[in-house]
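> fold the stuff below for me.
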Amino acid sequence: MTAAVADFIAAHAEAWNSADVDAVADDLALPQMIAHGDGTTFIEDDAALVRWIEERLARWEALGVAQVTAAVEAVADLPDDAARVTSRWRLADAHGATLLTFVAVDTLAHDDGEWYFVVTDTAGEDAAGDRQ
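As a prediction, this is how the structure comes out:
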């Protein structure tokens, strides 16, 4: 399971790296719960999900982010084909200089041979951004 989850997280980071809104959205289930530094947001429809993705990409672009990578640090099995995944994300500029690193603790589920996000954790990113 750990290798499959690591592959999924790496592919998800690559979708963010490529600014591929459709690929990012495909990895996020609806309803999607976004856990962030100041609370929780529930996204229940495609238009709201696309808007959230585009806003995040615009924020990263404004910071000069050109490269996104993620590496899985831990996977904890949960009931019902789910997992809690701790991963370290790195946002870098076009020259490869690190702009921001943060840890995310996401909840994934597995169905029909595919992993998808149920809870997306942006609290680590929020906290790291506040320290910048």
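> need the helices for this structure, in chain order.
2-17, 21-27, 46-63, 123-131 (DSSP state H).
> would JSON lines of these with mean pLDDT, distance to Gly96 and mean neighbour count be doable?
(Each C-beta comes from the backbone N, C-alpha and C, glycine too.) Formatted as JSON lines, the helices of the chain follow (pLDDT from 0 to 100; distance: least, C-beta to C-beta, whole Å; neighbours: other C-beta atoms under 10 Å):
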{"stretch": "helix 2-17", "mean pLDDT": "95", "distance to Gly96": "13", "mean neighbour count": "17"}
{"stretch": "helix 21-27", "mean pLDDT": "95", "distance to Gly96": "22", "mean neighbour count": "16"}
{"stretch": "helix 46-63", "mean pLDDT": "95", "distance to Gly96": "15", "mean neighbour count": "14"}
{"stretch": "helix 123-131", "mean pLDDT": "78", "distance to Gly96": "18", "mean neighbour count": "15"}
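> what about Ala92, how many neighbours?
18 (other C-beta atoms under 10 Å).
> cool, the one 5 residues further on as well?
The number of residues packed near Ala97 is 10, by other C-beta under 10 Å.
> and what of the one 5 residues further on?
By other C-beta under 10 Å, the residues close to Phe102 number 20.
> can you check which strand is longest in the protein?
Taking DSSP state E as the assignment, the strand of the chain that covers the most residues is strand 98-111.
> in the sheet, who's paired with the residue nearest the centre of the chain?
For the chain, Thr120 is the residue whose C-alpha lies nearest the centre (C-alpha atoms, centre = their mean; 6.0 Å). Beta-bridge partners of Thr120, counted by DSSP bridges, are Ile34.
> likewise Asp77?
Counting by DSSP bridges, Asp77 forms beta bridges with Ala83.
> thought it was touching Met1?
Yes - in terms of C-beta atoms under 8 Å, Asp77 counts as a neighbour of Met1; the distance is 6.8 Å.
> shared neighbours, those two?
Residues within reach of Asp77 and of Met1 at once, by C-beta atoms under 8 Å, 6 or more residues apart in numbering, are Ala83.
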